[in-house]
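Engineer: quick check, what structure comes out for this input:
(one chain, ligands or ions: 3)
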Amino acid sequence: MGRKLTFEIFRYQPLDPHSTPHMQTFTLEEHPSMTLFIALNMIREKQDPTLQFDFCCRAGICGSCGMVINGRPGLACHTQTSDLPEYISLHPLPVFKLLGDLSVDTGTWFRNVGKRIESWIHTNKEFDPKAQEERMDNELATKIFELDRCIECGCCVAACGTARMREDFMGATAINRMARFYIDPRDNRTPADFYELIGDDRGVFGCMGLLACDNVCPKKLPLHDQLGIMRRMVSIESVRGILPEFLRKKLQGCSSHTS
Ligand code: SF4
Ligand code: SF4
Ligand code: FES
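Structural biologist: Ligands and ions are numbered 1, 2, ... in the order given. Sure thing, here's the model as predicted:
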């Protein structure tokens, strides 16, 4: 016989004028290898078909099941109940628009931030459909891939004190995304271009550096390192007119983006 788990789940349907935010209690017997994905589906199937939450891949890939689990943002499909106490509280991720109960709209937030930081390769090359794929050094390709693993789950944004206070803060996920373009030799943007996009208090200078983002990221992206690298790069860029060029280049010290 497994443990008896008690779930306290946030309930609220913002579009229903009769709905008010409240917590609802459910109990469930724990099974071996039970994840929160399994538990929530059992609750929905056997106890309350109106419970709203999001899942798609069940494998930590789609990023849709982020929620606050006992006060900490995480992926429900990747969380084993055996790693949690018998009492489990579940809330929707803050910062994002609440759709209902545990379901939030991360897509609109990520789409807006992607547009704001121009999250695509900027190149002057004409597109040639017949050209062979460009070769890239394996080591560099691995570095770029490492930063490209974000699944846009929103956990780092939900954990971020600045993002919770300011709607216009782009969060560690966007700064990590910029870092990915910064090291990509196919992207022609200069440090001055990156400075324009992230060099204010909506970007790197709004970050308080307490690293909750790094701590909760389920994909273990190196957010701490990238925040430091990008802050250093735009800080040097901000004193471009004062520093001698050779010193600025030496400090910037990175690949082809040292115009
Ligand atoms: S380190 Fe910066 S981006 Fe990360 S959670 Fe703290 S304020 Fe937010
Ligand atoms: S950086 Fe990590 S926590 Fe943030 S959205 Fe991407 S995968 Fe999720
Ligand atoms: S369901 Fe896809 S990451 Fe959890």
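Engineer: does K219 touch D148 like I think?
Structural biologist: No - between K219 and D148 there is no contact under CB atoms under 8 Å: 10.4 Å. All C-beta atoms are positioned from the backbone trio N, CA, C, and that covers glycine.
Engineer: of these two, who's got more company?
Structural biologist: Ranked by neighbour count (other CB atoms under 10 Å), K219 and D148 place K219 first, with 17 against 12.
Engineer: got a pLDDT number for the more buried one?
Structural biologist: We have a pLDDT of 98 for K219.
Engineer: now G253
Structural biologist: pLDDT, read off for G253, is 61.
Engineer: what sits up against the top helix by length along the chain?
Structural biologist: In the chain, ranked by residue count with DSSP state H as the criterion, the top helix is helix 223-238. Outside of helix 223-238, the residues within contact range by CB atoms under 8 Å, 6 or more residues apart in numbering are 147, 156, 172-173, 175-176, 178-179, 182, 191-192, 194-195, 198-199, 203-205, 207, 209, 211, 213-214, 217, 243, 248, 251-252, 254.
Engineer: and the residues you listed near ligand 2, which?
Structural biologist: Near ligand 2, taking CB under 6 Å from any ligand atom as the test, the members of those found are 156, 173, 176, 217.
Engineer: where does the prediction get shaky in the stretch 151-259 of the chain?
Structural biologist: 241-244, 247-259 (pLDDT under 70).
Engineer: the strands in it, which residues?
Structural biologist: In the stretch 151-259 of the chain, no strands are found when defined by DSSP state E, counting those that start in this stretch.
Engineer: which stretches of it form helices?
Structural biologist: 155-158, 161-165, 171-182, 191-198, 212-216, 223-238, 245-252 (DSSP state H, counting those that start in this stretch).
Engineer: which strands and helices sit next to the third one?
Structural biologist: By that I understand helix 171-182. Helix 171-182 sits against helix 106-116, helix 138-147, helix 155-158, helix 191-198, helix 212-216, helix 223-238, with contacts defined as 3 or more CB pairs under 8 Å, 6 or more residues apart in numbering; DSSP states H and E.
Engineer: buried deepest among those, which one?
Structural biologist: For the helices and strands packed on helix 171-182, average neighbour numbers computed from mean count of other CB atoms under 10 Å are highest in helix 155-158, which has a mean of 28.
Engineer: quick one: distance of that helix to the chain centre.
Structural biologist: Computed by CA atoms, centre = their mean, to the nearest Å, the chain-centroid distance of helix 155-158 equals 6 Å.
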